[in-house]
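K.L.:
sharing a sequence plus its predicted fold:
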Amino acid sequence: MPYYIGVMSGTSLDGLDIALIEQQRNTRLVASHYISMPDDLRAELLALCSSGTDELARAALAEQRWVKLAAQGVAQVLADAELKAESIRAIGSHGQTVRHEPARGFTIQIDNPALLAELTGIAVVADFRRRDVAAGGQGAPLVPAFHEALFGEGQGARAVLNIGGFSNLSLIETGSHVHGFDCGPGNVLLDAWIQHQQQHSYDRDGAWAASGQVQPELFNRLYADDFFQTSGPKSTGRELFNLGWLENQLQTLPSYKPEDVQATLLELTARSIVDSLQAAQSNTQELLVCGGGAHNKALMQRLAQLLPHCQVSTTAAYGVPADWVEAMAFAWLAHCCLEHICANRPSVTGASGLRILGAIYPA
């Protein structure tokens, strides 16, 4: 059987998702494993998202630690599935994004695929984003092609929404090429604010946000950012949306209760998603949500309220657990690379054409 493993560490920096898939005509999730990010490694990766002292050496050391975690996860998922390394055709390793500035022609993911191949004895496909950027694209989002392969059968207009640190949409409509783009902050500001105020890593079920009131003046100030005024192709990251950005917005406004700020940030996430969806595909009949944001009950309820004529559910409704879609996507991207299948979508990223993504590191 053609098996692949996907390793994904997203902008939330909470941990590594490891997904084992069987890839034949369809993609099937076989096993999965999650490893929490150690606090000190998370802090270092977050620090590397901004300029600092001795960055090159620190990045090289951080990626070694990241890869050793990934190798542990690969070993565990193999044990769970009762498979040997020889059974796996390749690992698709996304790495950890620390800089993403396609307007300046670069995107950087912390990764060491040579070391991962050495530690696991499995071929590794990595560095998926830079070929698309080299072709003039945003290098993100890359998952719409996988979303189309996984959820594209059927009639009508459907959208797949991934809510990680940032949110991105894949727009799937019968007879049309898949489209997609980043909508803006997903969990990144919600997580940053609750960490700053309460030292919690995230707002469980969106309960703290639900306890507050949306502040219109603050919302309007946040939503006035130029990013929200542009249409796709577009992508974003911590270079723009971060705690410092939020605090700069708050400086010239009245003092708000912390829970009201959280409620307003949840509204920003929901509205930026819904307004983007309605502008790009107003006839969407079904919205499938994946990523960590799928567990935020308050956010899911708000999306349903803002989309009364659209069925809002998670990808679990189609038999694909919401937590594993993105890791599965990078396993699938490894398959595409080895099979010489173009996996970017110019209609999504703005690249000048279709490209085979990834670099291969043999076992």
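P.N.:
Nice, thanks for sending it over.
K.L.:
and the protein, split by domain according to the record?
P.N.:
In terms of domains, the chain is parsed into 3-139+323-361, 143-318 (source: the TED database).
K.L.:
show me what the residue nearest to residue 283 when sequence neighbours are not counted bridges to in the sheet.
P.N.:
Nearest-residue entry for residue 283: residue 157, 4.8 Å, with adjacent residues in sequence omitted and distances by CB to CB, 6 or more residues apart in numbering. All C-beta atoms are positioned from the backbone trio N, CA, C, and that covers glycine. Under DSSP bridges, the beta-bridge partners of residue 157 are residue 173.
K.L.:
next, the contact list for residue 157, please.
P.N.:
Residues near residue 157 by CB atoms under 8 Å, 6 or more residues apart in numbering: 171-174, 281, 283-286.
K.L.:
which residues touch residue 131?
P.N.:
Going by CB under 8 Å, 6+ apart, residue 131 touches 344, 355-358.
K.L.:
so is the nearest residue to residue 73 once chain neighbours are set aside in a helix, a strand, or just coil?
P.N.:
Sequence neighbours aside, residue 18 is the residue nearest to residue 73 in space, at 3.9 Å (criterion: CB to CB, 6+ apart). Three-state call for residue 18 (DSSP: H, G, I helix; E, B strand; the rest coil): strand.
K.L.:
cool, residue 254 as well?
P.N.:
What three-state DSSP gives for residue 254 is coil.
K.L.:
how far away is it from residue 47?
P.N.:
32 Å (CB to CB, to the nearest Å).
K.L.:
circling back to that earlier point, now pLDDT and neighbour count too, for the contacts of residue 131, in TSV please.
P.N.:
Shown next, in TSV, are those (pLDDT from 0 to 100; neighbours: other CB atoms under 10 Å):
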residue	pLDDT	neighbour count
344	96	28
355	98	18
356	98	15
357	98	25
358	98	25
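K.L.:
need these in JSON lines (columns: distance to residue 22 and secondary structure).
P.N.:
JSON lines is the format used below for the contacts of residue 131 (distance: CB to CB, whole Å; DSSP: H, G, I helix; E, B strand; the rest coil):
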{"residue": "344", "distance to residue 22": "24", "secondary structure": "coil"}
{"residue": "355", "distance to residue 22": "26", "secondary structure": "coil"}
{"residue": "356", "distance to residue 22": "22", "secondary structure": "coil"}
{"residue": "357", "distance to residue 22": "21", "secondary structure": "coil"}
{"residue": "358", "distance to residue 22": "20", "secondary structure": "coil"}
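K.L.:
now name the helix or strand holding residue 95.
P.N.:
Applying DSSP states H and E as the criterion places residue 95 in strand 88-101.
K.L.:
quick one: that strand to chain centroid distance?
P.N.:
With CA atoms, centre = their mean, to the nearest Å as the basis, strand 88-101 stands 11 Å off its chain's centre.
K.L.:
give the pairing partners of it; include direction for each.
P.N.:
Assessed with DSSP bridges, strand 88-101 is paired to strand 3-9 (parallel), strand 106-110 (antiparallel), strand 124-126 (parallel).
K.L.:
what's the closest of those to residue 137?
P.N.:
Of all the strands paired with strand 88-101, strand 106-110 sits nearest to residue 137, with 10.0 Å by CB to CB.
K.L.:
got the buried residues for that closest one?
P.N.:
107-110 (16 or more other CB atoms under 10 Å).
K.L.:
and if you look at stretch 224-236?
P.N.:
For stretch 224-236, by 16+ other CB under 10 Å, it's 225, 227-228, 232-236.
K.L.:
which of the residues you listed has the weakest pLDDT?
P.N.:
Within these, residue 232 has the lowest pLDDT, namely 81.
K.L.:
the closest residue to that one other than its chain neighbours in helix, strand or coil?
P.N.:
Residue nearest to residue 232 in three dimensions, not counting chain neighbours: residue 181, with 2.9 Å by CB to CB, 6+ apart. Under three-state DSSP, the three-state class of residue 181 is strand.
K.L.:
and residue 181, how far from residue 109?
P.N.:
For residue 181, the distance to residue 109 - CB to CB - is 20 Å.
K.L.:
for residue 86, same thing?
P.N.:
On the measure of CB to CB, residue 86 and residue 109 end up 27 Å apart.
K.L.:
where along the stretch 201-350 of the chain do the strands fall?
P.N.:
Under the criterion DSSP state E, counting those that start in this stretch, strands of the stretch 201-350 of the chain are mapped to 286-290, 311-314.
K.L.:
pick the most buried one from these.
P.N.:
Most buried of those, by mean neighbour count (mean count of other CB atoms under 10 Å): strand 286-290, with a mean of 24.
K.L.:
restricting to C-alpha, output stretch 266-274 in PDB.
P.N.:
Written as PDB, here are the backbone C-alpha positions of stretch 266-274 (Å, rounded to 0.1, in the frame of the first residue of the first chain):
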ATOM      1  CA  LEU A 266     -13.500  36.800  17.900                       C
ATOM      2  CA  GLU A 267     -15.800  39.000  15.900                       C
ATOM      3  CA  LEU A 268     -12.800  40.100  13.800                       C
ATOM      4  CA  THR A 269     -12.000  36.500  13.000                       C
ATOM      5  CA  ALA A 270     -15.600  35.600  12.200                       C
ATOM      6  CA  ARG A 271     -16.400  38.700  10.100                       C
ATOM      7  CA  SER A 272     -13.200  38.600   8.100                       C
ATOM      8  CA  ILE A 273     -14.000  35.000   7.200                       C
ATOM      9  CA  VAL A 274     -17.600  35.600   6.300                       C
END
